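Q: With the input below, show me the fold.
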Amino acid sequence: MRLLKEYPNEDYSLIDWHIEQGDLLGSIPEIREKYYKSLDGLNLCIRPLYINNKDEGCWRNYDNFIKAFNDITDKRIYDNKIARNKIKALREIFRKGKKDTEIYLKTNKIENFFNGFWNMRTEYCFSGDTCLYYDAVEVLDYFLKLE
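A: Model (predicted):
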């Protein structure tokens, strides 16, 4: 696995998943290349996630996924009467790309809820060539956070 090769002398664990959305064929890398890219060529997922890598340069980790999930389920969103379906619609908006995401967030007045991770600068849910929130939106109906 590519990410494990980044830290060859360490003992790290990773987590990954795939939610079947229909007739997708191929390996995980092939599926991600075909279905997890935005129209402007940006990566939509941050998976696989390190479980136990606390290296400051490693932002693809479970703690950041939980931060993204907390952002999209933040009580302030629902206190402001932002419908859950508007958050779920982000999944398709992210696929359209960064500019469409910016327009959608501003139009729905929710751009301030997606501040990124502690060590990542974001612009409208994207940092560099990667969407930091797609994974959290994708699992919104399936993920149960355990304490």
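
Q: got the contact list for R60?
A: Shown in contact with R60 (C-beta atoms under 8 Å, 6 or more residues apart in numbering): L3, I46, R47, P48, L49, Y50. Heads up, the C-betas are built off the backbone N, CA and C, glycines and all.

Q: how about the strands in this protein?
A: Secondary structure of the chain (DSSP state E): strands at 14-15, 49-50, 126-127, 130-131.

Q: Please name every helix or strand in contact with the second one.
A: Spelled out, that is strand 49-50. Helices and strands touching strand 49-50, by 3 or more C-beta pairs under 8 Å, 6 or more residues apart in numbering; DSSP states H and E, are strand 14-15, helix 62-72.

Q: Could you list the buried residues of stretch 65-82?
A: Residues of stretch 65-82 classed as buried: F65, K67, A68, F69, D71, I72, D74, I77, I82 (neighbour count, 16 or more other C-beta atoms under 10 Å).

Q: do the same with stretch 31-48
A: For stretch 31-48, by 16+ other C-beta under 10 Å, it's R32, Y36, K37, S38, L42, N43, L44, C45, I46, R47, P48.

Q: these two touch, right, the third one and N43?
A: Yes - if you go by C-beta atoms under 8 Å, K37 and N43 touch, sitting 6.5 Å apart.

Q: Just give me the neighbour total for K99.
A: 12 (other C-beta atoms under 10 Å).

Q: ok so, going back, among the helices and strands packed on strand 49-50, which comes closest to D141?
A: Closest to D141 of these, according to C-beta to C-beta: helix 62-72, at 11.7 Å.

Q: And for the closest one, what's in contact with it?
A: Taking C-beta under 8 Å, 6+ apart as the rule, helix 62-72 contacts 15, 46, 49-51, 87, 90, 113-115, 117-118, 120, 132-133, 135-137, 139-140, 143, 145.

Q: And those, which of them are buried?
A: Judged by 16+ other C-beta under 10 Å, buried ones among the contacts of helix 62-72: 46, 49-50, 87, 90, 113-114, 117, 120, 132-133, 135-137.

Q: From those, which one has the minimum pLDDT?
A: Minimum pLDDT for the buried ones among the contacts of helix 62-72 is recorded at M120 (75).

Q: how near is it to L144?
A: 25 Å (C-beta to C-beta, to the nearest Å).

Q: got it, and K86?
A: Distance of K86 to L144, computed by C-beta to C-beta: 22 Å.

Q: Cool, thanks, signing off.
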